[in-house]
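Student: coords please:
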Amino acid sequence: MKKLNRLLFSAAFLASLLVFNACEKDDPEPDGNKPTLNVGADIIGMTDETYPINVTVSDPDGNDFTLSWKVIESPVNSTPEIKEIGKTSSSFTTDIAGLYKIEITASNTNGKSDTGVLTLYIGGKLPRSINTKTTYPDLFDNEDYPDYYALNNIQITQGITLEPGVVIENAADAGLWFSGNNAFLDARGTAAKNIIFRGMDKVKGSWKAIHIASNNVNNKLDYVQILHAGSSEISNKKAALVLQSNTNTQASITNTRISQSGGYGLYIDGNNGNITAFANNNFSDNVAAPIRFGAMNTYVLDKNSVFENNGIQAIELAGGTTTDFNTSGTVVFAGLPYHVYSSFHLKADVTFESGVTCRFDKGMRMRVNADAAIVAIADSEPITFEGLVAAQGAWVGITIESPSPLNKMDGVIVRHGGDINGLGGNIHLFGSTPGSQLTIVNSTISDSETWGIHSAPGDANLTQNNNTFFNNKLGDILQE
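Tutor: Residues are numbered from 1 along each chain as shown. Take a look at the predicted model:
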């Protein structure tokens with residue numbers, strides 16, 4: 001009997017312990033006396049600058065508290081400095097770019113605490129000159145956080161390579177100048193990780209430009225964005241991307257967006273700058289035209305690039321006194337008219353695609369040299385050569401000094417030429433040696449200030465059929 005009582009007592013005691021323990025687990029310690037810490041928003045900054053860190057702490061019981069600051073993540077070899085500057089604030093400085101995380105702990109006098117983590121995205125300052133080959137890595141996955149800052153005009157005399165995802169923010173009127181043939185910009189991003197150049201204030205026309213004066217095959221832009229440039233002139237024009245002509249600069253530009261320039265998107269200041277590849281680009285919301293360059297760069301344009309909402313919806317062609325076609329090729333119809341500010345000089349066989357429209361400024365002409373040819377055969381949309389202003393004599397016209405049998409126009413519109421101070425027609429055929437030759441059919445010749453077609457005395461050979469003439473001041477055709 002005693003043994004049974006002892007067993008019953010033990011069972012009851014164990015049951016009471018289980019109930020007691022269960023109550024302890026079901027009733028955790030209340031947080032009423034724990035402070036609450038708010039570390040605030042992440043910090044975006046740059047090296048060698050001091051950034052205040054301000055936190056807020058509240059304690060429900062009004063207890064006093066202390067803060068501790070601990071760097072828990074930082075780039076290799078970095079030595080960030082944190083200085084307390086107040087009860088709830090400190091300052092942060094570092095000389096190495098990268099991602100930093102600071103663990104902040106608020107502890108009250110009751111021994112209770114709350115912890116938060118502040119993240120700092122610290123970009124690097126680019127030096128005023130870069131004289132050694134340098135590769136710049138992508139520091140942050142999110143493009144909201146700049147990897148590097150250009151605070152001044154930077155001269156670059158060696159090659160730099162930007163890895164996919166790099167973001168460079170530029171201060172007001174700052175720019176990048178690639179000077180000399182050893183310099184190059186290798187900026188090849190990906191569809192998922194574009195390389196981005198933009199203004200620090202993200203306002204149209206806020207920083208200067210990428211200016212390349214380098215005949216180097218490694219100048220390559222692929223999946224790049226150039227935003228907010230064109231603040232001041234280079235070679236008398238504002239532009240986001242400038243390729244310098246007198247250094248025979250060459251560059252490939254593909255899958256690239258140039259937008260919100262204070263002037264042109266792309267500018268080449270003469271005949272000799274060379275675009276080696278051009279495809280799938282986007283030029284939008286630029287103050288001036290999307291592009292201004294020499295004539296032969298029309299050969300490399302594509303039909304997939306987009307040009308929209310620019311101040312001038314045209315591609316401007318200009319060189320020096322003339323813009324020259326030195327080699328044979330095809331002028332591509334890229335979806336916009338060409339505005340011509342230097343006279344065309346054809347020194348080789350040049351073909352114009354269906355749909356091409358060339359609008360010539362006052363006093364400009366198209367000259368077909370003796371050893372060249374013009375081939376303008378429209379198989380769909382007409383090919384048009386006209387004045388920038390729709391008026392008689394708005395430009396000189398087409399002068400043909402070539403005896404080539406390849407000279408042919410079919411489905412072409414030629415109008416607004418025949419400047420009275422020119423050679424007397426929308427189209428003028430030279431008669432002096434070696435003579436000239438043109439076949440023109442199914443075309444419209446109109447609105448000349450002089451003759452529609454003027455065929456000079458001598459060895460000028462004109463073949464024309466099924467053409468339409470109207471509003472030519474002196475008449476349709478003069479054959480002397």
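
Student: quick one: residue 447 and residue 469 touch, right?
Tutor: No: Residue 447 lies out of contact with residue 469 (C-beta atoms under 8 Å); the separation is 10.2 Å. (Glycine included, C-beta is placed from N, CA and C.)

Student: more neighbours: which of the two?
Tutor: residue 447 (24 against 18; other C-beta atoms under 10 Å).

Student: which non-adjacent residue is nearest residue 363?
Tutor: Spatially, and ignoring its direct neighbours in sequence, residue 363 is nearest to residue 396 (6.6 Å; C-beta to C-beta, 6 or more residues apart in numbering).

Student: where does residue 242 fall, secondary structure wise?
Tutor: Under the criterion of DSSP states H and E, residue 242 resides in strand 239-243.

Student: and that strand, how far out from the chain middle?
Tutor: 9 Å (C-alpha atoms, centre = their mean, to the nearest Å).

Student: partner strands of that strand, with direction?
Tutor: In the sheet, strand 239-243 lines up against strand 210-213 (parallel), strand 264-268 (parallel) (DSSP bridges).

Student: helix or strand right after it?
Tutor: Downstream of strand 239-243 (by DSSP H and E), the next one is strand 250-254.

Student: ok, back up a step: of the strands paired with strand 239-243, which is nearest residue 477?
Tutor: strand 264-268 (38.9 Å; C-beta to C-beta).

Student: now this structure, which segments are flagged as low pLDDT?
Tutor: 1-32 (pLDDT under 70).

Student: how does it divide into domains?
Tutor: 36-121, 126-311, 321-480 (automatic domain parsing).

Student: before we move on, back to that, comparing the strands paired with strand 239-243, which comes out most buried?
Tutor: Most buried of the strands paired with strand 239-243, by mean neighbour count (mean count of other C-beta atoms under 10 Å): strand 264-268, with a mean of 29.

Student: now that strand and strand 250-254, what's the angle there?
Tutor: 150 degrees (axes from the mean of the first three to the mean of the last three C-alpha atoms, to 10 degrees).

Student: quick one: contacts of strand 264-268?
Tutor: Contacts to strand 264-268, defined as C-beta atoms under 8 Å, 6 or more residues apart in numbering, come from residues 226, 230, 234-235, 237-245, 249, 253, 258-259, 275, 283, 286, 288-294, 297, 310, 316.

Student: can you check stretch 119-128 too?
Tutor: Contacts of stretch 119-128 (C-beta under 8 Å, 6+ apart): 42-48, 51, 92, 94, 96-102, 139-140, 145-155, 168-169.

Student: please flag which of those sit within strands.
Tutor: 43-46, 51, 92, 98-102, 148-150, 154-155, 168-169 (DSSP state E).

Student: drop anything exposed from these.
Tutor: Neighbour-count burial (16 or more other C-beta atoms under 10 Å) is assigned, among the ones in strands among the contacts of stretch 119-128, to 43-46, 92, 98, 100, 102, 148-150, 154-155, 168-169.

Student: now the two most distant members of the residues you listed.
Tutor: 102 and 155 (36.4 Å).

Student: thinking again about what came up before, give the buried residues for the strand holding residue 242.
Tutor: Neighbour-count burial for strand 239-243 [16+ other C-beta under 10 Å]: 239, 240, 241, 242, 243.

Student: now do stretch 289-304: distance to the chain's middle.
Tutor: Counting by C-alpha atoms, centre = their mean, stretch 289-304 comes out at 15 Å from the chain centroid.

Student: check which residues of it are buried.
Tutor: Quick answer for stretch 289-304 (16+ other C-beta under 10 Å): 289-301.

Student: nearest to residue 406, of those?
Tutor: residue 299 (17.3 Å).

Student: which residues does the residue lying closest to the closest one once chain neighbours are set aside bridge with?
Tutor: Excluding the flanking residues, the one nearest residue 299 by C-beta to C-beta, 6+ apart is residue 329, at 3.8 Å. For residue 329, the beta-bridge partners under DSSP bridges are residue 350.

Student: counting neighbours, what do you get for residue 329?
Tutor: Here the count is done by other C-beta under 10 Å, and residue 329 has 17 residues near it.

Student: do the same with residue 356
Tutor: There are 23 residues near residue 356, going by other C-beta under 10 Å.

Student: I'd like to know which of the buried residues of strand 239-243 is nearest to residue 191.
Tutor: residue 241 (20.3 Å).

Student: thinking again about what came up before, what distance do you get for the residue nearest to residue 363 to residue 228?
Tutor: Separation of residue 396 from residue 228 (C-beta to C-beta, to the nearest Å): 40 Å.

Student: those two: who's more crowded?
Tutor: Using other C-beta under 10 Å, the more surrounded residue of residue 396 and residue 228 is residue 396, with 27 against 23.

Student: in the helix or strand hosting residue 477, what counts as buried?
Tutor: Using DSSP H and E, residue 477 maps to strand 475-479. Of the residues in strand 475-479, 476, 477, 478 count as buried by neighbour count, 16+ other C-beta under 10 Å.

Student: can you show me the helices along the chain?
Tutor: Here the chain has its helices, by DSSP state H, at 2-26.

Student: for the longest strand along it, the distance to its chain's centre please.
Tutor: As far as residue count goes, and with DSSP E defining each element, the longest strand of the chain is strand 113-125. Computed by C-alpha atoms, centre = their mean, the chain-centroid distance of strand 113-125 equals 32 Å.

Student: same thing with stretch 417-432?
Tutor: 41 Å.
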